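Chemist: sequence first, predicted coordinates after that:
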Amino acid sequence: MSQTQALAHLYELELTDAEQAQVLHAAERLARAEPGVIDDPVWVEAVLDAGAVLPARLLRTLRRFRHDPGPNGALLLRNLPVVGAVPLPVTPCRPGSVERTPSVAAGVLAAVMAQLGEIIAFRAEKTGALVQNVVPVPGSEASQSNAGSVLLELHTENAFHPNRPDYVGLVCLREDPTGDARLCTSSIRQALPLLPPETVGVLWEPRFLTEAPPSFGSPDGVAPAHALLRGAPEDPDVLVDFAATHPLDEGAERAMAELREAFVETMDMLALRPGELAVVDNRMAVHGRTSFVPSYDGNDRWLQRVYAHLDGRRTRPDRTGGGPVLD
């Protein structure tokens, strides 16, 4: 599938140069904002203020996507600034890589995601950092996580967790020099019409278990048995991780395999380039990544990731002190 074909189903907005300059101005202010620590509540407050000066066209697009994520459940923003006066450093490659110091890219990503909901993180994942690096890590090539470079299976982000994100934002700082790494997305709105009624019926039943991903460092964490579909029968949400969700019987195994086939058949693939930000609605869309070969020479693919929740009150019991990190 070509890049042009992929975009046919996506919400998309390319900022003008004037709009890019407007976003850059806000992001540079965030990069200099006190106390100079991304995870500090004072910096998060500054992120909320930055939303007030984002371009009107960008704010309208985010509002429309939040209201209805469309058939694909993904949004692509182009021509965002990710580098200001400070040059982009080499791509990090250490395990658990996160960003603690504000930068233009982190400010852009956080400001955009804060327009969709409350930005959040999980204490067990990358030490609760709000802005996380998605980079290949030596020795983790085969890992089904953001540190790997083998095919990353389609999945609901943190599918095992009762308070998984509503939105996942991924901004590209450096593209894959090989051109092989592609962000893959597909939605249940596209896949559901391809499934026979008997398969759909099985997917509504609690016949599946999902493990925690390697990034949580908790291989024994398993959610209760659950269905893969939930919500409105005519427009359901989906909950699955094809690397970590396990069917409990042969019928469930067949249904899950057919669901995966439908997702793959309707999948869009994007070779993210610097300044492009993809947002995935984590309730009705799944995402993954094609395989690639990193070189670990400082020029590998580099994305940054931020999560957002629509309803902060829903997760308040799990957020110590009312902060953005879930225990």
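Modeler: Received, thanks.
Chemist: residue nearest the centroid of the chain?
Modeler: When Cα atoms, centre = their mean is applied to the chain, the residue found nearest the centroid is residue 168 (2.7 Å).
Chemist: quick one: secondary structure of it?
Modeler: Put simply, residue 168 is strand when judged by DSSP: H, G, I helix; E, B strand; the rest coil.
Chemist: hey, what's it bridged with?
Modeler: residue 280, residue 307 (DSSP bridges).
Chemist: pull the contacting residues for it.
Modeler: Going by Cβ atoms under 8 Å, 6 or more residues apart in numbering, residue 168 touches 157, 279, 280, 282, 287, 305, 307. The way it works is simple: take the backbone N, C-alpha and C, and place the C-beta from them, glycine included.
Chemist: what about residue 254, how many neighbours?
Modeler: Look at residue 254: counted by other Cβ atoms under 10 Å, it has 14 neighbours.
Chemist: just how off-centre is stretch 57-70 within its chain?
Modeler: Chain-centre distance of stretch 57-70: 16 Å, with Cα atoms, centre = their mean, to the nearest Å.
Chemist: okay, residue 19: pLDDT?
Modeler: Note for residue 19: predicted pLDDT of 98.
Chemist: which element is it on?
Modeler: Residue 19 belongs to helix 17-32 when assigned by DSSP states H and E.
Chemist: how far off centre is that helix?
Modeler: Taking Cα atoms, centre = their mean, the mean C-alpha location of helix 17-32 is offset from the chain mean by 23 Å.
Chemist: and for stretch 138-158?
Modeler: On Cα atoms, centre = their mean, the centre of stretch 138-158 falls 13 Å from that of its chain.
Chemist: tell me the buried residues in it?
Modeler: 140, 143-149, 152-158 (16 or more other Cβ atoms under 10 Å).
Chemist: please apply the same query to stretch 234-249.
Modeler: Burial within stretch 234-249, assessed by neighbour count using 16+ other Cβ under 10 Å, is assigned to 236, 237, 238, 239, 240, 241, 242, 243, 244, 245, 247.
Chemist: contacts for it?
Modeler: With contacts defined as Cβ under 8 Å, 6+ apart, stretch 234-249 is touched by 144, 152-156, 159-160, 187-189, 192, 204, 207-213, 225-231, 253, 255-256, 259-260, 283-286.
Chemist: for the stretch 151-300 of the chain, which spans come out with low pLDDT?
Modeler: Counting by pLDDT under 70, the stretch 151-300 of the chain contains low-confidence ranges at 215, 217-222.
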